[in-house]
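# after the sequence you'll find the predicted model.
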Amino acid sequence: MAAGASGDLSSPLPIGLGRFGRSLSLAGLKRMKIDMDYLERVLLELLAIASPSGRTDHAQQYVGDRLRDLGIEFEVTRRGAINAMLEGATAGVDRAIVVHVDTIGMLVKRLKENGRLEVVPVGTWSARFAEGASVKIFVDDLEHVYTGTVLPLKASGHRYNEEVDTQGVGWQHVEVRVDEPVDTAEGLAALGIQIGDFVAVDPQPMVTPSGYVRSRHLDDKAGVAAALAAFKAVKESGVALPVAAHLLVTITEEIGHGASHGLDQDVAETVSIDNAVVAPGQTSREDTINITMGDGTGPFDYHLTRRLLSICKTYDLPHRRDLFDHYRSDLAAALEAGAATRTALIGFGVDASHGYERTHLDGLRRLAELITLYLQSTLTFHDWDRNPGDLRDWPTTLVQPADELGPR
């Protein structure tokens, strides 16, 4: 489509191109090698740090240490989110990559008379995937961390036989067995366990010779590792970025708050890295980039998602388009908080999300490669974002044409 300007409704050219024209070409971006040893090491070290939503300080200290190692400056918000930044050539307009370090988990609801713990979920996940999980119980006395196991109320096959299979599934049907000689509520209290203490599921990670990563909490620690590996590659390359690139690491995504703060008004585009759903009826794969066209809150930005798809096509990055019904991300919280930013979500494929998760190193590598290319590219509507003009100059007609007959 021609990029000529016209304010004349009688012109055969689409209106809205004006002084802004097309977004600049995607050609000539530098392909960067991702340090996969670094990505895998960061992932495994981060997985080893328990960080259910509400208890994320240790994980954020780890992320901060990695950013310092890379020489990337960052700030910390009042609530503990991290906002790191690579400088860009153009002032007054930025972009952001968003990941979250918090995970699903549990809270102690009641000290039971049998010496076990009633728990409630932190985040949205099924008790079906809690059954049999090894856990850590964090009490206020930092000198003590207790271990335990989440068990169904009827846990012994030799005692209950078929009742083990017929009992209900839900948080009211499970309890935590604490690995201490205790069989009363008073005994639990004597250990220092209290209502509201955090219970974290042990990740038990494994990296297979074939490149699969099997672990709890890949959502979104794999995304954090991929983002840090991408920013490492960009930083070490010395490539000049067209605009500043933020890395926002949030701490409450799993409970719905996510990126509700931390993005400033200069951020024109925000791309979230999170899990992509690998399941029947979905197109996402563990070994590809997965571009999410929409989720449970609605479609993502038309223009930015297609910009990312164009980068994948231009640079032969294997990718899929997908849409998730029962899904919410950092981006929903950002938009609900009033962020004036275009949004897109890219995902690493996760099988059995919020359960016994699995992804693949190839997918994480390709995702990091996409981020390095995206950060080098211009904003989708670079000139417009720097200096928004009249509606008739609104550049979206490049992809949603309009003329005297109106948009189509």
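Arrived safely, thanks for sending.
# lowest-scoring secondary structure element of the chain by mean pLDDT?
strand 406-407 (a mean of 52; mean pLDDT, DSSP states H and E).
# the stretch 51-200 of the chain: helices as residue ranges?
57-70, 157-160, 163-166, 185-190 (DSSP state H, counting those that start in this stretch).
# by contact count, what packs against the longest one?
In terms of contacts (3 or more C-beta pairs under 8 Å, 6 or more residues apart in numbering; DSSP states H and E), helix 57-70 is packed against helix 36-47, strand 74-76, strand 82-86, helix 218-237, strand 241-250. C-beta here means a position set from N, CA and C on the backbone, and glycine is covered the same way.
# among the helices of the stretch 51-200 of the chain, which is nearest Ala244?
Taking C-beta to C-beta, helix 57-70 is the member of the helices of the stretch 51-200 of the chain nearest to Ala244, at 15.1 Å.
# quick one, that closest one and strand 241-250 angle?
Here helix 57-70 points in a direction 160 degrees away from that of strand 241-250 (axes from the mean of the first three to the mean of the last three C-alpha atoms, to 10 degrees).
# what angle separates helix 57-70 from helix 218-237?
Using the same axes, to 10 degrees: helix 57-70 against helix 218-237 is 20 degrees.
# now helix 57-70: buried residues?
Residues of helix 57-70 classed as buried: Ala59, Gln60, Tyr62, Val63, Gly64, Arg66, Leu67, Leu70 (neighbour count, 16 or more other C-beta atoms under 10 Å).
# over to stretch 34-47?
Here stretch 34-47 shows Ile34, Asp35, Tyr38, Leu39, Glu40, Val42, Leu43, Leu44, Leu46, Leu47 as buried, counting by 16+ other C-beta under 10 Å.
# now render the buried residues of helix 57-70 as JSON lines, adding pLDDT and distance to Ala190.
Below are those laid out as JSON lines (pLDDT from 0 to 100; distance: C-beta to C-beta, whole Å):
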{"residue": "Ala59", "pLDDT": "98", "distance to Ala190": "30"}
{"residue": "Gln60", "pLDDT": "98", "distance to Ala190": "32"}
{"residue": "Tyr62", "pLDDT": "98", "distance to Ala190": "33"}
{"residue": "Val63", "pLDDT": "98", "distance to Ala190": "36"}
{"residue": "Gly64", "pLDDT": "98", "distance to Ala190": "36"}
{"residue": "Arg66", "pLDDT": "98", "distance to Ala190": "39"}
{"residue": "Leu67", "pLDDT": "98", "distance to Ala190": "42"}
{"residue": "Leu70", "pLDDT": "98", "distance to Ala190": "46"}
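# who wins for proximity to Glu186 among the helices and strands packed on helix 57-70?
Closest among those, using C-beta to C-beta: helix 36-47, at 35.4 Å.
# what's the closest one packed up against?
Using 3+ C-beta pairs under 8 Å, 6+ apart, the elements in contact with helix 36-47 are helix 57-70, helix 218-237, helix 361-376.
# spatially central residue in this protein, please.
The centre of the chain sits closest to Asp274, judged by C-alpha atoms, centre = their mean, with a distance of 3.1 Å.
# Ser329 versus that one, what's the distance?
Separation of Asp274 from Ser329 (C-beta to C-beta, to the nearest Å) stands at 5 Å.
# mutual contacts of those two, please.
Both Asp274 and Ser329 are in contact with Glu253, Leu345, where contact means C-beta atoms under 8 Å, 6 or more residues apart in numbering.
# surely Glu131 meets Leu151?
Yes. With contact defined as C-beta atoms under 8 Å, Glu131 counts as touching Leu151 (6.9 Å).
# list the contacts for Ala48?
By C-beta under 8 Å, 6+ apart, the contact list for Ala48 reads Pro203.
# ok, the one 3 residues further on next?
Applying C-beta under 8 Å, 6+ apart to Ser51 gives the contacts His58, Ala59, Val101, Asp102, Thr103, Ala200, His217, Ile251.
# for Ile97, what are its contacts?
Counting by C-beta under 8 Å, 6+ apart, Ile97 has contacts 227, 230-231, 245-248, 270-273, 371, 375.
# nope, Ser260 is what I meant
Thr252, Ala333, Ala334, Glu336, Ala337.
# on that earlier part again, distance to Val145 for the contacts of Ser51 - can I get that in CSV?
CSV is the format used below for these (distance: C-beta to C-beta, whole Å):
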residue, distance to Val145
His58, 12
Ala59, 15
Val101, 19
Asp102, 19
Thr103, 17
Ala200, 9
His217, 17
Ile251, 20
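# which one of those residues sits closest to Thr359?
Distances from Thr359 to the contacts of Ser51, taken by C-beta to C-beta, are shortest for His217, at 11.4 Å.
# so what pairs up with the nearest residue to the closest one once chain neighbours are set aside in the strands?
Nearest residue to His217, sequence neighbours excluded (C-beta to C-beta, 6 or more residues apart in numbering): Thr103, at 4.3 Å. Beta bridges link Thr103 to Pro52, judged by DSSP bridges.
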